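In: I'd like to go over a predicted model; first the sequence, then the structure.
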Amino acid sequence: MLPQAVARLAPGGRLAVISFHSLEDRVVKRFFAGASRPELPVDLPIRASEMPAAQLRLVGRAQRPSAAELAANPRARSARLRVAERTAAAFDAAVLPRLEDAWRS
């Protein structure tokens, strides 16, 4: 579902995901991290200007509920909000990280 959501975003559009379980949060975190940096071999001699553009830019850190929110809704204690912004880079679903890999590790 995350790759399809990124495909629908216009450049500059933001994708906000709320997760309520640690496994869900791990999948979202790894997907955003993988889409925000190109996957290249470490030893590849390439200049920064030659690197492919990332498809997402992370916006801040994961947000947790405030004390006031927890007082009003104790079940929100496990919620995490993560936000990423679509860049102007051309969309290529093959470049996005595979979600199956996020579940396994």
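Out: Happy to help now that I have it.
In: tell me how far the residue lying closest to Arg64 once chain neighbours are set aside lies from Glu24.
Out: Once flanking residues are discounted, Arg64 sits nearest to Arg80: 6.4 Å by CB to CB, 6 or more residues apart in numbering. Heads up, the C-betas are built off the backbone N, CA and C, glycines and all. According to CB to CB, to the nearest Å, Arg80 and Glu24 sit 8 Å apart.
In: thought the residue nearest to Arg64 was touching Val27?
Out: No: judged on CB atoms under 8 Å, Arg80 makes no contact with Val27 at a distance of 11.4 Å.
In: flag the shaky bits of the protein, pLDDT-wise.
Out: 93-105 (pLDDT under 70).
In: can you give me the helices in it?
Out: 2-8, 22-35, 67-72, 99-104 (DSSP state H).
In: which one of these lies closest to Ala54?
Out: With distances scored as CB to CB, the stretch of the helices of the chain nearest to Ala54 is helix 22-35 (6.8 Å).
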